[in-house]
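Colleague: Predicted structure and sequence below. I'll ask about it afterward.
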Amino acid sequence: MVVAVARIKFHLPDNHSLKGKRKVVKSVVAQVRNKYNVACSEVKYHDVWQTAEIGICSIGNSEPVLTSFMDKILNFVEANCPCQVVDSELEIIHMG
């Protein structure tokens, strides 16, 4: 079993409240969950207005397939998110 874990950090320059941030982050998380059937959640910067970080997780049999899949998700987020992706990281974990 192979586990892929991605972290995507956003900057929301036009946001001026936690309520506005929550709206954007919830929308991104819902879109990713619905389109790709992965676990996705806000994982950091809960009380910061203009910064957000989401985590995405998927499992499979093949590292190349999962890496490609997670790249598709990142490209989707960059193309469809009303905020700037400032950092992303992908970790692949091989389970015995």
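Modeller: Yep, that arrived.

Colleague: Please enumerate the strands of the protein.
Modeller: In the chain, the segments counted as strands under DSSP state E are 2-11, 39-44, 51-60, 84-94.

Colleague: Tell me which of those approaches residue 21 most closely.
Modeller: Shortest distance between residue 21 and the strands of the chain, using CB to CB, is found for strand 51-60: 6.2 Å. The C-beta positions use only the backbone N, C-alpha and C, and glycine is treated the same way.

Colleague: Who are the packing partners of that closest one?
Modeller: strand 2-11, helix 18-36, strand 39-44, helix 63-80 (3 or more CB pairs under 8 Å, 6 or more residues apart in numbering; DSSP states H and E).

Colleague: Quick check: buried residues in the second one?
Modeller: The neighbour-count check on helix 18-36 (16 or more other CB atoms under 10 Å) flags 21, 24-25, 28-29, 32 as buried.

Colleague: now the residues you listed as CSV including distance to residue 44 and pLDDT?
Modeller: CSV is the format used below for the buried residues of helix 18-36 (distance: CB to CB, whole Å; pLDDT from 0 to 100):
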residue, distance to residue 44, pLDDT
21, 12, 90
24, 15, 90
25, 11, 92
28, 14, 93
29, 13, 95
32, 16, 95
